[in-house]
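Trainee: Can you look at this prediction? I've put the sequence above it.
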Amino acid sequence: MLNEDNALPLSPQEPAVRGSYGRVAPAPTHFLVPGGDTRRRLLGGLLGGSATLFGAASFAQQKTERQVNPPPSTGLPRWSQALGQPVNTTYGTPSEYEKNIVRRQSPGLTTTNQSSIAFAPLQNLFGIITPSGLHFERDHSGRPDVDPDQHRLLIHGLVREAKIFTMADILRYPSVSRIHFIECGANTGMEWANVAVPTVQYSHGMLSCSEYTGVLLSTLLDEVGYDSKKSRYVLAEGADAASLTRSIPIEVALNDVMVVYGQNGEMLRPENGYPLRLLVPGVQGVSSVKWLRRLKVGDAAFETREETRHYTDLMPDGISRQYTWVQEAKSVITSPSGGQKLLDHGYYEITGLAWSGRGAVKRVDVSTDGGRNWKTASLQAPILSKALTRFRMDWRWGGDSALLQSRVIDSTGYVQPLIKQLRAVRGARSIYHNNAIQTWQVDPLGNVSNVQLS
Amino acid sequence: MSNFPNFKLHGSGLALLFLMLLADPALAASDRPPSLGLGSPASRSQIARWDIDVRPDGIGLPVGHGSVEEGQLVYDEKCAACHGTFGESGDYAQLAGGVGSLHSAQPVRTVGSVLSHATTLWDYINRAMPFPNSKSLTPHEVYAVTAYVLSLNDIVPPGTVLNERSLPGIAMPNQSGFTTHHGFMAIRGEPDVKNSACMKNCTTSTTIISRLPADFTAKNYGNISQEFRSLNRDTLRAETPIPSMPTTPESGPKLALINGCTACHQTEQKIVGPSFKDIAQKYRQSPDALKNLTQKIRAGGAGNWGETPMPPQTKPSALDLDILVRWILASPSHS
């Protein structure tokens, strides 16, 4: 039998309100009928004594304003009777009910939509793999539509024999598949001086994680016979209009850098570098050059625009740190997180993501009182080097104001810092590498918002 | 690289065996040769076409020259719309001014205030500018625009002509403004901030010092609640009309497919149910064909065409059903 909410059958022990399952739901405007429509129905009878159990008039009020489904005439939803659609032979897309789960730009952040950023909706994602269609996108001169048959990779410079590879050539090399995160060096960069954005999508959404398949760069460097004595840096260059270039130290290039064509089981998406990109694990995303067309082995760094004007960390004395590659350990609670609303008191799962450019996540601690007391969260396997790791902690919310934080410790023993510790060393204008502990405030009404503590 | 351990050979027989092992890939420890021999050798001219990077030491700069005055002509035509007549526009990358501002509360990042080498400017203009049509400038124009932008920053005086020999020697205001003395260059680099992993009664401030102004989110981001997965909007969804198929003539067959009609009905032949053609012939005899067939599809039933019942079809919208019925009744014309 279906309850009046047209939802799951409820057992007598459970309060007859859907939100009581501890689901994190958005702000009440979602289920308020605009303008106090007459369709609004009181749930007094349905609620029974449960509203008073919460002991908060505001909650009871919120629940009376929830909209309730009229019971379908047959007692069954229409999809339980009508023949469904034929099997899908096109590229599958998410349910239409998921259509608001998309990448988004942060208003006012960039002047053009081509040199811009689309943030991944971390608040809506599960596990550690970012669906390819939700992977964050950062382009410098727009997203090119590269024909793989015409695409070439040139490797030259300090090599025995400069070579041009077609995609067919690249695909014949022994492949590796590895799960790694990509995080833009400027992720959380808007929050250096103060709170600037409302949700985790904008505060941490220049972060994604995929299973990548490709060829180890060391394999290709061996193929062209790189000069092991003179080589210091490899310049990577994109085939897009920006032809973005970054210098990769040769020891990094020979370690775990990949020339990637596969992402989550299929070819790269255009916005992630189709048909070929570099992947520099653990290093700020700009080094993982998309639409990779050229690798040049050299005896010095190349001092490109993206290594001087941008992607350098301005320090309080006016000096900029150059070649700040490593993404230090960082974590963030993705639920409950800014912009969400806790509908009821009771059980919630606090969950989020932790990662480190220096290795694997060793431990994540969670605080609900602004960092005074911490409990160690459970980590979901797999726990991989330079990959996102999902953490979880049980929490019972009784209606008091709470300050939620997570703190990662990575395999080097490094402990994720406070924003005030970072500011004390780096000031507030360095844009890049803000890996501070994030605080989400839960107010007594259940509203979750982005705050910074002194 | 060989997969064989490094050992000393004794006697020619062993040496011969060793050579045979090397020669026969089937006997090797790995099937992977040191080189796959894939890829085509790149000729000098092929490399030259792509080898566009320019280093601070000038390596990579092509032969050419351009003056501040020539640069102004190109700049005014192709650059000023975004960067401002004097490189002052901050909407796009601001090009001029800001020298000495990097240690202030409001650092202004420009060519003059940030770049440590003029070659970087040349390289970037050459590869990525003008924004809507990159790599369209000749080397001559790139030297000229570079000279002009440097003059906007008072780094070179009017009348200056830059070429591949003079450009690397330009002294930039921020040439000593960068450091690599930090922990971010290597995995084992020393972090500059150390937090403790205190677990109980940690001394930390819980005073909130920053949050968004009350109306900020709604004003700038709109209804942020739309950006969350909501499983509480059943009623609103149910009241949202299901998008109809476009009412083009060819949408009949598509509607028949997606609504599952074709599981039991075909155009010409009876399968589980009667063919569309037969249905059309039967219903067309009535002046109320449209209404009758519509009702029949909605309600379902059995007996007209045999014992196999047709289930009620509640799925198609009224509009879709109308298109479907009209298409079925027009049956002979599309058989």
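Mentor: Ah, there it is.
Trainee: any weak-confidence spans in the chain?
Mentor: Since you didn't name a chain, this refers to chain A. Scanning chain A for pLDDT under 70 picks out A:1-74.
Trainee: you looked at the wrong chain, it should be chain B
Mentor: Along chain B, the parts satisfying pLDDT under 70 run over B:1-34, B:231-250, B:332-335.
Trainee: Okay, helices next: where are they in it?
Mentor: With helices called from DSSP state H, chain B shows them at B:12-23, B:44-50, B:68-78, B:80-83, B:111-114, B:118-128, B:139-152, B:216-221, B:234-239, B:251-258, B:276-284, B:289-299, B:318-329.
Trainee: For these, could you give me a markdown table that also reports distance to A:V451 and mean neighbour count?
Mentor: Heads up, the C-betas are built off the backbone N, CA and C, glycines and all. Output for the helices of chain B, formatted as a markdown table (distance: least, C-beta to C-beta, whole Å; neighbours: other C-beta atoms under 10 Å in any protein chain shown):
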| stretch | distance to A:V451 | mean neighbour count |
| --- | --- | --- |
| helix B:12-23 | 67 | 11 |
| helix B:44-50 | 50 | 12 |
| helix B:68-78 | 46 | 19 |
| helix B:80-83 | 37 | 18 |
| helix B:111-114 | 33 | 26 |
| helix B:118-128 | 39 | 25 |
| helix B:139-152 | 42 | 25 |
| helix B:216-221 | 13 | 15 |
| helix B:234-239 | 31 | 15 |
| helix B:251-258 | 48 | 18 |
| helix B:276-284 | 64 | 19 |
| helix B:289-299 | 55 | 16 |
| helix B:318-329 | 49 | 19 |
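Trainee: TSV for those helices, including distance to A:G318?
Mentor: As requested, those are arranged in TSV below (distance: least, C-beta to C-beta, whole Å):
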stretch	distance to A:G318
helix B:12-23	60
helix B:44-50	37
helix B:68-78	28
helix B:80-83	24
helix B:111-114	9
helix B:118-128	19
helix B:139-152	21
helix B:216-221	31
helix B:234-239	54
helix B:251-258	64
helix B:276-284	79
helix B:289-299	76
helix B:318-329	66
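Trainee: Tell me which of those helices sits nearest to B:G189.
Mentor: Of all these, helix B:111-114 sits nearest to B:G189, with 23.5 Å by C-beta to C-beta.
Trainee: so, in contact with chain A or not, that closest one?
Mentor: Yes: using C-beta under 8 Å from any C-beta of the partner chain, we find that helix B:111-114 touches chain A at B:V111, B:V114.
Trainee: any idea how far that helix is from the chain center?
Mentor: Its chain's C-alpha centre and that of helix B:111-114 lie 29 Å apart, by C-alpha atoms, centre = their mean, to the nearest Å.
Trainee: Now do it: which elements does it pack against?
Mentor: Applying 3 or more C-beta pairs under 8 Å, 6 or more residues apart in numbering or on different chains; DSSP states H and E, one finds that helix B:111-114 contacts helix B:139-152.
Trainee: Can you show me the CA trace of the helix it packs on as PDB?
Mentor: Only the C-alpha atoms of helix B:139-152 are listed here, as PDB (Å, rounded to 0.1, in the frame of the first residue of the first chain):
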ATOM      1  CA  PRO B 139      56.000  37.100 -37.100                       C
ATOM      2  CA  HIS B 140      56.500  40.700 -38.200                       C
ATOM      3  CA  GLU B 141      53.200  41.700 -36.700                       C
ATOM      4  CA  VAL B 142      53.900  39.700 -33.500                       C
ATOM      5  CA  TYR B 143      57.200  41.600 -33.000                       C
ATOM      6  CA  ALA B 144      55.300  44.900 -33.700                       C
ATOM      7  CA  VAL B 145      52.400  44.200 -31.300                       C
ATOM      8  CA  THR B 146      54.900  43.000 -28.600                       C
ATOM      9  CA  ALA B 147      56.800  46.200 -29.000                       C
ATOM     10  CA  TYR B 148      53.600  48.300 -28.700                       C
ATOM     11  CA  VAL B 149      52.400  46.500 -25.600                       C
ATOM     12  CA  LEU B 150      55.800  46.900 -24.000                       C
ATOM     13  CA  SER B 151      55.600  50.600 -24.800                       C
ATOM     14  CA  LEU B 152      52.200  50.800 -23.200                       C
END
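Trainee: That one and chain A, any residue contact?
Mentor: No: judged by C-beta under 8 Å from any C-beta, helix B:139-152 stays clear of chain A, getting no closer than 12.4 Å.
Trainee: Going by proximity to chain A, name the top residue of the stretch 1-150 of chain B.
Mentor: Relative to chain A, the nearest point of the stretch 1-150 of chain B is B:H103 (3.1 Å; C-beta to the nearest C-beta).
Trainee: give the contact list for that residue.
Mentor: When contacts are counted by C-beta atoms under 8 Å, 6 or more residues apart in numbering or on different chains, B:H103 touches A:P316, A:D317, A:G318.
Trainee: Alongside chain B, which residues does the stretch 351-454 of chain A contribute?
Mentor: Contacts of the stretch 351-454 of chain A with chain B, taken as C-beta under 8 Å from any C-beta, map to A:357-359, A:363, A:365, A:369-375, A:403, A:407, A:409, A:412, A:414-418, A:421-422, A:424-426, A:429, A:433, A:437, A:441, A:449-454.
Trainee: Show me the residues you listed that map onto helices.
Mentor: Of those, the ones assigned to helices by DSSP H are A:Q421, A:L422, A:A424, A:V425, A:R426.
Trainee: neighbours around the closest residue to A:D145 other than its chain neighbours, how many?
Mentor: Of all residues not flanking A:D145 in the chain, A:P270 sits nearest, at 6.2 Å (C-beta to C-beta, 6 or more residues apart in numbering or on different chains). Residues near A:P270, counting by other C-beta atoms under 10 Å in any protein chain shown, number 15.
Trainee: try B:T203
Mentor: Residues lying near B:T203 (other C-beta under 10 Å) number 7.
Trainee: Tell me where chain A has helices.
Mentor: For chain A, applying DSSP H gives helices covering A:44-47, A:50-54, A:57-64, A:167-172, A:200-204, A:217-224, A:250-255, A:419-426.
Trainee: any idea which residue sits dead centre in chain A?
Mentor: Closest to where the C-alpha atoms of chain A average out (C-alpha atoms, centre = their mean) is A:L207, at 3.8 Å.
Trainee: check contacts around it.
Mentor: The neighbourhood of A:L207, defined by C-beta under 8 Å, 6+ apart, consists of A:A120, A:L122, A:F136, A:F181, A:I182, A:E183, A:C184, A:N187, A:L353, A:W355, A:L388.
Trainee: out of the residues you listed, which one sits closest to chain B?
Mentor: Of all those, chain B sits closest to A:L122, with 11.0 Å by C-beta to the nearest C-beta.
Trainee: What are the neighbouring residues in contact with that closest one?
Mentor: Applying C-beta under 8 Å, 6+ apart, the residues contacting A:L122 are A:V200, A:Q201, A:H204, A:G205, A:L207, A:V332, A:T334, A:S337, A:L353.
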